[in-house]
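Visitor: need a 3D model of the sequence below.
(2 chains)
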Amino acid sequence: MTGAAGNIDVRLSPLLLRLFPDAEPRLDIAADNVCALIDALDARWPGMGDCIRDSSPAVRRHVSIFVDGRRATLDTKLPPGTDVFILTAISGG
Amino acid sequence: MAKRVLVLLGTKKGVFILDSDESRHAWSLAGPFCETWPIQHAIGEPVTGAIYAGGGSEWFGPAVWKSNDLGRTWTHSRAGLAYEAGEVPVKTVWSLAARGDALYVGVEPAGLFRSDDAGETFTHLDGLQKHPTRAEWNPGGAGLILHSLVIDRADTRKIWVGISAAGVFHSADGGATWEPRNRGTRSDFMPEGQRYPEFGQCVHCVVQAANSERLYQQNHCGMYSSDDGGRSWNSIEAGLPSSFGFPAAIHPRDPDTLYLLPLNGDIKGRYMPDAKAAVWRTRDGGASWQALRNGLPQESAFFGVLRQALATDTLDQAGVYFGTSSGSVYASRDEGETWGCIAQHLPMISSVETLVLDEAARGGA
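Guide: The predicted structure is shown next:
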């Protein structure tokens, strides 16, 4: 699956998929920045947005969003065809 | 009708459930549940049989987990469990109290939420945030946590909370407005002459006695009772091995019976006094205390017991249970007279609660 015009190519962390078993590991979705992307994910799978973004609002400290290989913030633009990875940090203990 | 007894364990790596019949001789263990999230508090609602677990993930933030089938399946929600934009976000859930479909949720940084749909969505009761002393509250060692949540049995508008290290606060209107209730409790860590402030006490645990309005409190600096809703507190620490500990648990029917687990001291390692484990019980409202240690380890007991990790059940001869920081669970089925280890090698145990059900409530974990 590659990003169609206007859409971006999103891959979700396996840990996120364990919390939302109905979610797809990889999907095309229309969003022009990271904040809109999180809103779109939350619309599909209610609650997912708050797992990725806290109420500051900011991307959660131990979640990273990479856009075309660079770490993103909520304001990062998402041109059509962008690759987005939503990853979880290797934290724990 | 025969009873079934569940002991609900909140741990650093998920919820575990111990399950027995009313004899409480043999226990089976199920878990970990809740995706091995750190769980601060797991409770059972005896009318509906629902189990709730509150905690927070380093990755995904706070949530309340719920099981309607005694642990077999779980859902999770954090809808509305957030402060306004610009405030320090909710990090984790610390305490839960259920009354039918109403669920109260205490969080870090200290605040109170309520759910009226059995844990599906949450509403912030923002009176604590608006309290005029709020800006002066300082966190305890575990953060600025709302760890104790007492909902009056007769009138659910009356709420007491314990916040480390802001002290005890009371609301008579369901959480809209609050006032400090700390008179008589010491703050030994403050300079001389400033040890009885209006707020800022390091309260560790607040419970309400059975069949009574009496409150008991384990504080960083002493043990206390109050017969006037916390307006004034009386020391009940005479006869105990130290003035320091975390949990307190009531007897299910006798308001004069209370269980505590004093540790050796706040700057001495915070483990069992003389490394010998004992639960301490009063039968007279704190006038006198007995050490209950028959069956508990009497050497090399260098564990602690956290503030929510001591509980009783509701059977005729009450069971008493505690979970240790080193992952063991000890139980008594005779009100504390004799003890046995019913689980070990678990993750650090944050909370212990019980759920007693009619035997017909089968299935689940």
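Visitor: for chain B, what are the nearby residues on chain A?
Guide: A:15-16, A:18-19, A:46-47, A:50-52, A:54-57, A:60, A:62-63, A:88-89, A:91-92 (CB under 8 Å from any CB of the partner chain). Where you see a C-beta, it was placed from the backbone N, CA and C, and this is true even at glycine.
Visitor: can I have the buried ones of those residues as a ChimeraX selection?
Guide: Selection of buried members from those for ChimeraX, criterion 16 or more other CB atoms under 10 Å in any protein chain shown:
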select /A:15,16,19,47,50,51,52,54,55,60,62,63,88
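Visitor: from the residues of chain A next to chain B, which land in helices?
Guide: Counting by DSSP state H, the part of the residues of chain A next to chain B found in helices is A:Leu15, A:Leu16, A:Arg18, A:Leu19, A:Asp50, A:Cys51, A:Ile52.
Visitor: any chance of the residues you listed in CSV with pLDDT as columns?
Guide: Formatted as CSV, these follow (pLDDT from 0 to 100):
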residue, pLDDT
A:Leu15, 94
A:Leu16, 96
A:Arg18, 96
A:Leu19, 97
A:Asp50, 98
A:Cys51, 98
A:Ile52, 98
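Visitor: please identify which pair of those residues lies farthest apart.
Guide: A:Arg18 and A:Asp50 (16.1 Å; CB to CB).
Visitor: now for the longest helix along chain A, which elements pack on it?
Guide: Across chain A, the helix with the greatest residue count (assigned by DSSP H) is helix A:34-44. With contacts defined as 3 or more CB pairs under 8 Å, 6 or more residues apart in numbering or on different chains; DSSP states H and E, helix A:34-44 has these neighbours: strand A:8-12, strand A:26-29, helix A:48-52.
Visitor: quick one: average confidence on that helix?
Guide: Computed over helix A:34-44, the mean pLDDT rounds to 97.
Visitor: just stretch B:356-364 next, same as before
Guide: On average, stretch B:356-364 scores 73.
Visitor: same check, this time on stretch B:188-208
Guide: According to the model, stretch B:188-208 has a mean pLDDT of 94.
Visitor: measure it end to end?
Guide: 25 Å (CA to CA, to the nearest Å).
Visitor: which strand or helix spans the closest residue to B:Leu6 other than its chain neighbours?
Guide: What sits nearest to B:Leu6 in space, not counting adjacent residues and going by CB to CB, 6 or more residues apart in numbering or on different chains, is B:Leu355, at 4.3 Å. Counting by DSSP states H and E, the element that carries B:Leu355 is strand B:349-358.
Visitor: can you name every helix or strand that that strand contacts?
Guide: Strand B:349-358 packs on strand B:3-11, strand B:39-44, strand B:310-312, strand B:320-323, going by 3+ CB pairs under 8 Å, 6+ apart.
Visitor: mean pLDDT and mean neighbour count added to these, as a markdown table?
Guide: Below are the helices and strands packed on strand B:349-358 laid out as a markdown table (pLDDT from 0 to 100; neighbours: other CB atoms under 10 Å in any protein chain shown):
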| stretch | mean pLDDT | mean neighbour count |
| --- | --- | --- |
| strand B:3-11 | 98 | 25 |
| strand B:39-44 | 98 | 27 |
| strand B:310-312 | 98 | 25 |
| strand B:320-323 | 98 | 28 |
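Visitor: re the thing from before, tell me the angle of the strand holding B:Leu355 relative to strand B:3-11?
Guide: Here strand B:349-358 points in a direction 160 degrees away from that of strand B:3-11 (axes from the mean of the first three to the mean of the last three CA atoms, to 10 degrees).
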